[in-house]
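*Asks:* Sequence first, then the predicted structure:
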There are 2 protein chains.
Amino acid sequence: MFRGVNNINLDAKGRLAIPVKYRDFLLAHCNGEMVATIDTDERALLIYPRPEWEDIERKVQALPSFNPASRRVQRLLIGHATDLQLDGSGRILIPPPLRLYANLDKKTVMLGQGNKLELWSEEHWVSRRDAWLDDKSGLELPPELETLSL
Amino acid sequence: MFRGVNNINLDAKGRLAIPVKYRDFLLAHCNGEMVATIDTDERALLIYPRPEWEDIERKVQALPSFNPASRRVQRLLIGHATDLQLDGSGRILIPPPLRLYANLDKKTVMLGQGNKLELWSEEHWVSRRDAWLDDKSGLELPPELETLSL
DNA sequence: AGAAATAGTGGGAAATTGTGGTAAATAGTG
DNA sequence: CACTATTTACCACAATTTCCCACTATTTCT
């Protein structure tokens, strides 16, 4: 569904132009309706088409609510979820709280990640990416990865 | 499928002429549709015919998303995967973020590697290759290699 | 060796996209 | 209730990108 990197500039009003290659799909699939929330592990935002988000929201809602880890995920994910709508020029408006969370000013990077898009500040993305590129050690590889041939 | 080395010049717009010997195959096999992504171990790009890439993408997508090593691979591989299309002159356009990653300016080297093509900056390719030729030590041979007869 | 065909390279024009501004509408406040 | 401030949507211009065409260089065949 979504893949690839894009460098996108936020304008002065906090608007973000969605890459053209995604626009037609988004309009056809969900009328340009999306949901943005935070990534709980990284200072980045996750942007889902509305139907995909609703699946996830249902699953998160269903987690046992007496479990602290579940409550944490519920509060963070659902608590930050915001409806977004493609405007006539193919842009979405990132609300200030989310902009703040991910340190988005002007230069941003959008990553396609299958069913969702990730939005990073360019500076932060580059530093995290370089860290991953350097550090090949220390991470436990799941067995599926051990044998994966590219 | 693909084999051999080719020296190819990127033009001023970042376009890359695919070697003639691959063109007919690419047009017949996938309409000239390809996907480029980064090599996570080297500053080089991997270029797959679209069907071959999609096999790999499916496998990578299926990895557990709460596992840091998986997320790393997903972000790096799928996050950088970009659709490419052969133009009327048998060229593809390498998008700026990927060009930047692999330090591609003008002189590049394309390596055939079975189901994929690798693209290196000439300078970097030469220095890495020479390093491999010098240093044969320190690498553990997997058992398959121990018994391989050339 | 010459000629013809094929491939490499570059440039230009049209269409598409990014960007910013303005006007209208809505919400908030005195 | 009215006025002001902020937001939202729409529109226009500028820059970029993409596609197509032409020229040059190289290779192959006669």
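*Replies:* Received it, and whenever you're ready, just let me know what you need.

*Asks:* which ones are touching the spatially most central residue of chain A?
*Replies:* Nearest to the geometric centre of chain A sits A:Leu46, at 1.8 Å (CA atoms, centre = their mean). By CB atoms under 8 Å, 6 or more residues apart in numbering or on different chains, the residues touching A:Leu46 are A:36-39, A:116-119. Heads up, the C-betas are built off the backbone N, CA and C, glycines and all.

*Asks:* Also A:Ala81?
*Replies:* Counting by CB under 8 Å, 6+ apart, A:Ala81 has contacts A:35-37, A:53, A:57.

*Asks:* mind listing which of those residues are in helices?
*Replies:* Counting by DSSP state H, those place A:53, A:57 in helices.

*Asks:* Among the contacts of A:Ala81, which one sits closest to A:Pro19?
*Replies:* A:Ala36 (15.7 Å; CB to CB).

*Asks:* Spatially nearest residue to that closest one (excluding sequence neighbours)?
*Replies:* Nearest residue to A:Ala36 in three dimensions, chain neighbours excluded: A:Ile47, at 4.8 Å (CB to CB, 6 or more residues apart in numbering or on different chains).

*Asks:* In which helix or strand does A:Val73 reside?
*Replies:* According to DSSP states H and E, A:Val73 maps onto helix A:68-73.

*Asks:* and that helix, average pLDDT?
*Replies:* Averaged over helix A:68-73, pLDDT sits at 90.

*Asks:* May I have that helix exported as CSV, CA atoms only?
*Replies:* Output of helix A:68-73 as CSV, limited to C-alpha atoms (Å, rounded to 0.1, in the frame of the first residue of the first chain):
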residue,chain,number,x,y,z
PRO,A,68,-1.2,-0.8,33.2
ALA,A,69,0.6,-1.5,29.9
SER,A,70,-2.7,-1.6,28.1
ARG,A,71,-4.0,1.6,29.7
ARG,A,72,-0.7,3.2,28.7
VAL,A,73,-1.1,2.2,25.0
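
*Asks:* Report whether stretch A:111-131 contacts chain B.
*Replies:* Yes - Stretch A:111-131 reaches chain B (CB under 8 Å from any CB of the partner chain) through A:111-114, A:118, A:129.

*Asks:* swap in stretch A:2-18?
*Replies:* Yes - using CB under 8 Å from any CB, stretch A:2-18 reaches chain B at A:3-7.

*Asks:* Please pick the buried ones from those residues.
*Replies:* Neighbour-count burial (16 or more other CB atoms under 10 Å in any protein chain shown) applied to the residues of stretch A:2-18 next to chain B gives A:3-6.

*Asks:* Within reach of DNA strand D, which of the residues you listed are there?
*Replies:* Checked against DNA strand D using CB under 7 Å from any atom of the strand, these yield no neighbours at all.

*Asks:* what are the ranges of the strands in chain A?
*Replies:* With DSSP state E as the criterion, chain A has strands at A:2-9, A:15-17, A:33-38, A:45-49, A:82-85, A:91-93, A:107-114, A:116-121.

*Asks:* Serialize the ones you listed to TSV and add fields for mean pLDDT.
*Replies:* Shown next, in TSV, are these (pLDDT from 0 to 100):
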stretch	mean pLDDT
strand A:2-9	94
strand A:15-17	94
strand A:33-38	93
strand A:45-49	95
strand A:82-85	92
strand A:91-93	94
strand A:107-114	94
strand A:116-121	95
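
*Asks:* and of those, who's closest to A:Pro142?
*Replies:* With CB to CB, the closest approach to A:Pro142 among the strands of chain A belongs to strand A:107-114: 17.1 Å.

*Asks:* just checking, what packs against that closest one?
*Replies:* For strand A:107-114, the helices and strands in contact under the criterion 3 or more CB pairs under 8 Å, 6 or more residues apart in numbering or on different chains; DSSP states H and E are strand A:2-9, strand A:116-121, helix A:122-134, helix B:79-80.

*Asks:* Need the winner for burial among the ones you listed.
*Replies:* Highest mean neighbour count of the helices and strands packed on strand A:107-114: helix B:79-80, a mean of 25 (counted as mean count of other CB atoms under 10 Å in any protein chain shown).

*Asks:* Appreciated, that's everything.
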